[in-house]
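Participant: give me coordinates for this.
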Amino acid sequence: MSTTSKDELRIRLLAIFREEAADHLRAIAREVSGLERETRPAQVDERLEQLFRTVHTLKGAARSLSIGSIERLCHEIEDLCSEGRQAGAFDPEARTLLRELTDELVHVTRQALAGPAAAPPAPAPEKSAEPPSPPAPPPMPIAPEPPAAATPPPPAAKSGRKPGARPEPRPDPRPLELVAPAMEMAGGPGFVRLETSRLQRLGLMAEELIGPRLAMQARVDEARDLVGRLAALHADEGPSERHPKELRAAEQSARQFLASLAEDNRTLRGVIDGLVEELRRTRMMPASEMLAVFPAMVADLAGEVGKEVVWRTLGADLLIDRQIAERIKDPLIHIVRNAVDHGIEPAEARAAAGKPAQGAVSLNLEPAEGGRVAIEVADDGAGIDLPGLREAAVRNRFVSREEASRLSDEALAEMVFESSLSTRTVISPVSGRGLGLAIVRERVERLGGSVHIASTPGKGTVLRLEVPAALANFHGIGARAGDAFVIWPREAVERSLALPEDAYEVALARGAVQIDDVLLPFGSLAHVLGQPPEAAPAGRRGLRSCLVIRYKERRGVLAVDEVTGNCEVVVKELRPPLLRVRHVLAAGLLGNGRLGLILRTADVLDTLINHPRRAAPAPRPVRRQGKPRLLVVDDSITTRAMETGLLEAAGYEVHAASDGMEAWTVLQSGEFDAIISDIDMPRMDGFELTERIRADARLKRLPIVLVTALEKREDHERGLRLGANAYMMKSAFDQSMLIDLVRRVL
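Facilitator: This next block holds a predicted model:
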């Protein structure tokens, strides 16, 4: 590539980075401001993790453009966040240092993107008979920096900087700024420059029209139903009744109104759908634009970690929505960085394994089903260290040692997506903290996509992402389950069927049903989602509606109240604090203005297959006469007293224990109807107590409610995985909510 082409490419990349960095800096400012006001340990920890993730992403983007000053500062902020989380506290000195570091990050970022204040004046042009041309636009500055190896990174364990001590600017061995001519605006007819952000806003505004369009279709359907009822009424009245002419005229007027309404609806649908589709097309771009930075990034990373790596791409001419591309770029950077740093072995290790010294990392794009794009990132490295990952999962309390020993290699490999889980013992500027792939999963799933990993020891690792090719309204299969209206992705529903009531009861008790000579897992969708049990069948007498669902090679059958059929909804992304809700992918706005839940098929099947007791109602033990007896377990005297008082006022007999060990001793000699337990306690925590109760033949049906300050999604999911019936955050504590939870589990 010529020097001019490289400069023009860098101009484009820097313009993209400028917008991205502004978004990240705003998010960093919000978290830092929140930390200065926050004192609760759980919330401080949550903000530190969110701050870490944002800074981690900015660092990756800066590395891809070799802006070392931003990268080094981001790494120092990462160190400070990690130290605070490990210490379980964030003292005033650390808060002051964080503010100084983030202020400096803003300053350095602006400086790196601003370039020189002014370019030297151009020499005066020679005199000519032609009229003088307008002055050229000022040059666009670009600030590349030398690779990080030119300046040793700071130690990873401690930042070593004291509050108030602003570092001197670091000298660079190469010039900081490379001034390149600005790309001139096309002057011919038919072209106009438009900010990407404005185009995105126009697209979002157009897509908001889909809601009213769906509502209009719903009104047409209601009018059609009314005309049908009026016609039926006319037929029932007969010619001998009074006012037959008036009734006939009313029916005719209604039909004319329906025809007019349907025509208006067709026109509106055509205009809105055409507008939305045209704006979507303007947002499409070849994936090669998103991937332009990757060859240089891989080369820089390989040089930094002392490896030889070749980069390959296939399918880069595939068109993808610009918004999708911008949102998956950071996850792809994380994946490729991991492939180079974690996956590819050093040359000596590759030679010993009979591999060429040069490793390979490839990225392939191809169309997938349902208007999606599949992106595979593969390396020919050593594969995942499964024994090390198993030990790390136990060490970080994601699973117990017994649970870890039962995990298949495939299930264990999927744990690389858990936050703060890493097999690395050394933290470097490149990787080692265990958050990169957790961020990948979170970002991809928020897009409505999925990510999976496959690894073969000694041969390499493949990560496969599937994301929508464009942001669009969602077509799915609607169903009712308890009080919830749910929408399944069309590709997830294999077929619908009806089971007789007696066959339904047998299948529910067995947890399996035979379909086409194949035994499939069976459960109730209402119970999977924590809804009340299904009502008696509303349709055909004595029959239960069921759906056969599929995700990759896994299949299962779920009973629902009713299958409503095909539906079209406007996707509404979940907002904080509901960014990652188990079983739920997003919300869907229906034509009648109600919201439905778009389900995440993988989660539902995981619950159905791996945790069958949550997919079927558990039989309750026979209770004694009199008040229900509850056991409250918490190491805080204040919390025990408060919960005991609330529950006694609600009519329960309450006993208390100060930790899990004392509770376990009390349970051996007494009988209780439910247990309300904290998690973080001395001697025996709530997780271990729950695990012991579920493993005990006498106590395994005892309802358990976990009330805790631990707000991480992983803690929530672990509690439910171990068998807790309900989970309540202390930060959202409400006495009526606690009493309601207890009533629901009894």
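
Participant: residues in contact with residue 703?
Facilitator: Counting by C-beta atoms under 8 Å, 6 or more residues apart in numbering, residue 703 makes contact with 673, 674, 675, 725, 745, 746. Placement of C-beta: from N, CA and C, glycine included.

Participant: can you redo those residues as TSV with neighbour count and secondary structure?
Facilitator: Listed next are the contacts of residue 703 as TSV, based on neighbours: other C-beta atoms under 10 Å; DSSP: H, G, I helix; E, B strand; the rest coil:
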residue	neighbour count	secondary structure
673	20	coil
674	22	strand
675	27	strand
725	22	coil
745	17	helix
746	14	coil
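
Participant: which strand or helix spans the residue nearest the centre of the chain?
Facilitator: The centroid of the chain falls nearest to residue 442 when counting by C-alpha atoms, centre = their mean (3.0 Å). Using DSSP states H and E, residue 442 sits in helix 436-446.

Participant: relative to the whole chain's centre, how far out is that helix?
Facilitator: Relative to the centre of its chain, helix 436-446 is centred 5 Å away, using C-alpha atoms, centre = their mean, to the nearest Å.

Participant: how close does the nearest residue to residue 603 once chain neighbours are set aside sit to residue 745?
Facilitator: Closest residue in space to residue 603, ignoring its immediate chain neighbours: residue 583 at 4.6 Å, by C-beta to C-beta, 6 or more residues apart in numbering. Residue 583 sits 19 Å away from residue 745 when distances are taken as C-beta to C-beta, to the nearest Å.

Participant: now residue 226
Facilitator: Distance, residue 226 to residue 745, by C-beta to C-beta: 45 Å.

Participant: residue 329 now?
Facilitator: Remark: distance between residue 329 and residue 745 (C-beta to C-beta) = 44 Å.

Participant: what pLDDT does the residue nearest to residue 416 when sequence neighbours are not counted get?
Facilitator: In this structure, residue 416 finds its nearest non-sequential neighbour in residue 437, 5.1 Å apart by C-beta to C-beta, 6+ apart. For residue 437, the pLDDT comes out at 78.

Participant: for residue 559, grab phi and psi.
Facilitator: Residue 559 adopts backbone torsions of phi -80, psi 140, taken as degrees, to the nearest 10.

Participant: so how far is residue 666 from it?
Facilitator: Relative to residue 666, and taking C-beta to C-beta, residue 559 is found at 38 Å.

Participant: more neighbours, those two?
Facilitator: Taking neighbours as other C-beta atoms under 10 Å, residue 559 and residue 666 compare with residue 559 leading, 24 against 16.

Participant: which parts of the protein belong to which domain?
Facilitator: According to automatic domain parsing, the chain comprises the domains 1-117+140-162, 203-283, 292-468, 474-614, 629-745.

Participant: that older thread, how deep is the residue nearest to residue 603 tucked in, by neighbour count?
Facilitator: Residue 583 has 18 neighbours, counted by other C-beta under 10 Å.

Participant: surely it meets residue 598?
Facilitator: No - using C-beta atoms under 8 Å, residue 583 is not in contact with residue 598, being 10.2 Å away.

Participant: tell me which stretches of the stretch 201-350 of the chain form strands.
Facilitator: For the stretch 201-350 of the chain, the strands defined by DSSP state E, counting those that start in this stretch occupy 284-286, 309-314, 319-321.

Participant: who wins for proximity to residue 30 among these?
Facilitator: Minimum separation from residue 30 across these (C-beta to C-beta) falls at strand 319-321, 26.8 Å.

Participant: and that closest one, average pLDDT?
Facilitator: Strand 319-321 shows a mean pLDDT of 86.

Participant: adjacent strands (with direction) for that strand?
Facilitator: Strand pairing for strand 319-321, determined by DSSP bridges: strand 284-286 (antiparallel).

Participant: could you pull up the mean pLDDT of the partner strand?
Facilitator: Strand 284-286 comes out with an average pLDDT of 84.

Participant: then residue 598 would be within a strand, right?
Facilitator: Yes - under DSSP: H, G, I helix; E, B strand; the rest coil, residue 598 falls within a strand.

Participant: ok, now which ones touch it?
Facilitator: 448, 474, 476, 486-487, 489, 569, 571, 584-588.

Participant: that older thread, in CSV: the strands of the stretch 201-350 of the chain, plus distance to residue 378.
Facilitator: Listed next are these as CSV, based on distance: least, C-beta to C-beta, whole Å:
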stretch, distance to residue 378
strand 284-286, 21
strand 309-314, 9
strand 319-321, 19
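
Participant: count of neighbours near residue 456?
Facilitator: Residues lying near residue 456 (other C-beta under 10 Å) number 12.

Participant: point to the helix or strand of the chain where mean pLDDT is at its lowest.
Facilitator: helix 196-208 (a mean of 64; mean pLDDT, DSSP states H and E).

Participant: state the distance from the closest residue to residue 544 other than its chain neighbours to residue 524.
Facilitator: Closest residue to residue 544 in three dimensions, ignoring its sequence neighbours and counting by C-beta to C-beta, 6+ apart: residue 504, at 4.2 Å. Distance of residue 504 to residue 524, given as C-beta to C-beta: 9 Å.
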